[in-house]
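Participant: Test case, fold it:
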Amino acid sequence: MYTSDQLFAILKKRISDNRPHKDYDRTVTVANWCYQMMTGNDQKEILVTYKVRETDKQMQQRIRITNSRTQYVSNKVMKMFNEVHRCDDVTESITYEKEQNKLDALNAALSKWTEGKHLQNYLDGRFRDLVFYDPNAYVVVEFVNDDPVNKLPTVYPFEVAAKEVYDHKYVNGVLNYIISQHETKFTEKANPTKKVVGMRYTMYAAGYSIVMQHIPKEAEIGEIPEGFSETTFKVRRKDNDQYFDERFLFNIYETKSPRCPAIRAGYMDDPETGFRTKVSPMYPSKEIMTDLIWNKSEYDLSKALHGFYQKFAYVSKCETCHGEGLVDEVKCTSCKGTGKQSHTTVQDIVEITLPDSFDSTIPPLANFVHYATIPEHLINKQKEDYQTDQRDVFNAIFGSNVLDRTEIAETATAKHYDWRAVNNTLSEYADHRSEAFKFFVKQTASVLMADDGLTVQHSYPSDFKLESVEELIDQRSSAVGASVPMAIISHIDLSILAKQHRDDPEFIKKYKARERFRPMRDKSKDERAVLMSMLPPNDPERVLYIYFERIMDDVFDENENFADMDFKKQKDIVRTYVDQRMPGAPSFPTIE
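Facilitator: Okay, here's the model as predicted:
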C-alpha cells in the first residue's frame, strides 16, 4: 500500500511525462469499434475499405444508401446477457457478525446507489452497457457528504471512459491505482469572453485520492479553493519534447479505503495488448461484423439501384411542336418542352394514328414498351449473405446459433447442447458480474466505515435455464418415452413450472414443499398401482397417497409459513393430518 507522498510523486511524474498509458490508443480504438457495432453509426471508415477502386461519388452514394444491421445483431446479443440477472437461483448474502445497525445502513446505501435505485439496477443496466460499449472504462465508487457530523456519506458510481483513463497500474492482477483526466474550462485573463482549457487529473488508490488541476498561464482563477495547495513542476510539450514549468493546484484526500476504489467494466482479455486490456463480448465476431457491414451494403445498393421496374419505351414526336419543344419560340405546353409525346400519369393515352391499311409492316403495340427484369436472384443471394453473417455472429460469440430458433429444425437433444454452449458464454459474464457486486458492496461499506465483520457472498448457477417451455415439454416427452427415472421427469416438471411462475417465487417454494411429501414420487404410474394394492388400509403412505391433495391443502391453509419451516417440523405436521384420516379416526371420511 502506497503512502500519500509516494502517490503524489507518482502522479507528478506521470503528469510531467505528458504521455497516457501505453495501451491508451488501443483501448480508445476498441471503444470506438464497440460504439460503431452497437449503434450502427460512424461506419464510414469500414465501408471505404471495402471497394477501394470506387470513385468518391460512388463511395458517397454507398455511404448514403447503406443501412447498417450491426446494431440489430449487437443488441440481440446483449439481450441474451439479460438472462444472467433474470436468473432465479442466485446465491446472495450480505451479513455482519453482530451489528445489525451496520447492515441497515449498508442496505440503505445500496438501495439508493444511483439515480435513487438499487445497486442491482445499475449492474443490470448501465454496468452491462459498459461491458459492451467500453470494456476498458472504470467505475469508481465515489461519495459526497455535506454534513459529516450528522449524516452518512452518499455513495455513487463515477464512470471513467477509456479515453479518460490517463494511467493505471496492476500488480498480480490487482489494481493499485488509476489516474483519470478531464478537461476544465477557465476564463481567459486577457479576454473574459473566451475560455482556456486545463486538464484535471484525479488519482484513486488505497487510502488516498489526489486531485491535480493544471492552471494554464492564460487562465483567471481568482482565489485558490479551500483545501488546495499550489505547486509548479516541469511538463513535457508534445510538439517538441521540451519541458516547461506549469502551475498546478492539488489536494490530497485521505479516504481510508483498504483498496483502490475502482473496477474495470470489461472481463474478456485482449490478445493484441498481451491480455493487459479488455474487449467487448462482441470481439469474437469482429471479422464477421465487418462482412455483415459489407454484405448489407451490397444488398442495399442492389435493392436501391436495380430492385425496381425500369421502363423502356419508344416515343413519338409531339404533334403540337413537331418535336421542337417550342411553339413560336415559347415552350410547348403540350409536351412541356421535351418535344416528345409520352405518358406522365396513368390517365394519359398515347394516341397512334391508325394506318389506312393493315399489313405486316405495322409493329405490334407490345414492341413499343419494355420492362427490364429485376435481378431477384442476385438480390436474394445478397440478402442470404448478410443473414448468414448475422447467424455467424451468434455462432462466434455463443458457439451456437440462437438468433432465431424458428429457423432451425432440431431434436430436443441438439437444442440442449445449443443452450449448454450459451451457458458457457454467459457464465464468464456472470462470474464477472458477481465480482463487481461484491466489490461495490465492500467498497460502499468501506465508505460508510462499516467494513469490519462484513461478509459478502454472491454467485450464479452454471445453468441459466434458457430453454423455452416448448423445449422443456419436448424433453419431458422424450424422457417419458425413454422410461427414465421419475426423479428426472419431476425435475423437468419443476423447470416448466419455474418458467411459468418466474415472477412468483413463493409459488415455487410452496410447490417444492408440497411435492416433497408426495408418496412414491419416484415411482411410475404402474408401479404406484401395484404398491397401493399391496399396502394395508391403515398404512400412512396409502392414506397420504389417497388424500394427498386434501391433506396438503389443509396443511397450507392452517399452517402459515409451512414452506419456510425445517423439514422435521413439516414432517410432524403432515403426519398429524395423516393420522386424522386413518381408518377408525374420529374425522376419518368415508371413501366413496
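
Participant: any idea what sits nearest the most centrally placed residue in the chain, other than its immediate chain neighbours?
Facilitator: When CA atoms, centre = their mean is applied to the chain, the residue found nearest the centroid is Met78 (3.3 Å). Of all residues not flanking Met78 in the chain, Phe132 sits nearest, at 5.4 Å (CB to CB, 6 or more residues apart in numbering). Where C-beta positions appear, they are placed from N, C-alpha and C, glycine not excepted.

Participant: how long is stretch 516-530 from one end to the other?
Facilitator: Separation of the first and last residues of stretch 516-530 by CA to CA, to the nearest Å is 21 Å.

Participant: buried set for it?
Facilitator: When burial is assessed from 16 or more other CB atoms under 10 Å, stretch 516-530 yields the following buried residues: Phe517, Pro519, Met520, Arg528.

Participant: Kindly reformat the residues you listed as a markdown table containing pLDDT and distance to Thr388.
Facilitator: A markdown table is the format used below for the buried residues of stretch 516-530 (pLDDT from 0 to 100; distance: CB to CB, whole Å):
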| residue | pLDDT | distance to Thr388 |
| --- | --- | --- |
| Phe517 | 91 | 53 |
| Pro519 | 89 | 54 |
| Met520 | 87 | 52 |
| Arg528 | 84 | 52 |
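
Participant: sorry, back to before: what strand or helix carries the residue nearest to Met78?
Facilitator: Take DSSP states H and E as the rule and Phe132 turns out to sit in helix 128-133.

Participant: looking only at pLDDT, what's the mean for that helix?
Facilitator: Taken as a whole, helix 128-133 has an average pLDDT of 97.

Participant: same question, stretch 225-238
Facilitator: For stretch 225-238, mean pLDDT rounds to 92.

Participant: And for Tyr122, the neighbour number?
Facilitator: Tyr122 has 21 neighbours, counted by other CB atoms under 10 Å.

Participant: what do you get for the one 10 residues further on?
Facilitator: Phe132 is flanked by 21 other residues according to other CB under 10 Å.

Participant: so is Pro583 in a helix, a strand, or just coil?
Facilitator: coil (DSSP: H, G, I helix; E, B strand; the rest coil).

Participant: contacting residues for it?
Facilitator: By CB atoms under 8 Å, 6 or more residues apart in numbering, the contact list for Pro583 reads Pro537, Asn538.

Participant: What's the separation between the residue nearest to Asp269 when sequence neighbours are not counted and Tyr170?
Facilitator: Spatially, and ignoring its direct neighbours in sequence, Asp269 is nearest to Phe275 (3.9 Å; CB to CB, 6+ apart). As judged by CB to CB, to the nearest Å, Phe275 and Tyr170 stand 11 Å apart.

Participant: cool, and Asp5?
Facilitator: According to CB to CB, Asp5 stands 22 Å off from Tyr170.

Participant: what does Phe507 give?
Facilitator: With distances taken as CB to CB, Phe507 is found 47 Å from Tyr170.

Participant: so where's the stretch 251-400 of the chain uncertain?
Facilitator: Using pLDDT under 70 as the threshold, the predicted model of the stretch 251-400 of the chain has low-confidence ranges 306-314, 343-375.

Participant: Next, Cys335: secondary structure please.
Facilitator: Secondary structure state of Cys335, per three-state DSSP, is coil.

Participant: ok, now which ones touch it?
Facilitator: Taking CB under 8 Å, 6+ apart as the criterion, Cys335 is in contact with Cys318, Thr320, Cys321, Gly325, Gln341.

Participant: do the same with Asn424
Facilitator: Asn424 touches Gly399, counting by CB under 8 Å, 6+ apart.

Participant: May I see the buried residues of the helix or strand hosting it?
Facilitator: Secondary structure assignment for Asn424, by DSSP H and E: helix 412-447. Of the residues in helix 412-447, those buried under the neighbour-count criterion (16+ other CB under 10 Å) are 412, 415, 418-419, 421-423, 425-427, 429-430, 432-434, 436-447.

Participant: And for stretch 69-78?
Facilitator: Of the residues in stretch 69-78, Arg69, Thr70, Val73, Ser74, Val77, Met78 count as buried by neighbour count, 16+ other CB under 10 Å.

Participant: re the thing from before, ok, Asp5 and Tyr170, which is more surrounded?
Facilitator: For Asp5 against Tyr170, the residue with the higher neighbour count under other CB under 10 Å is Tyr170, and the figures read 13 against 9.
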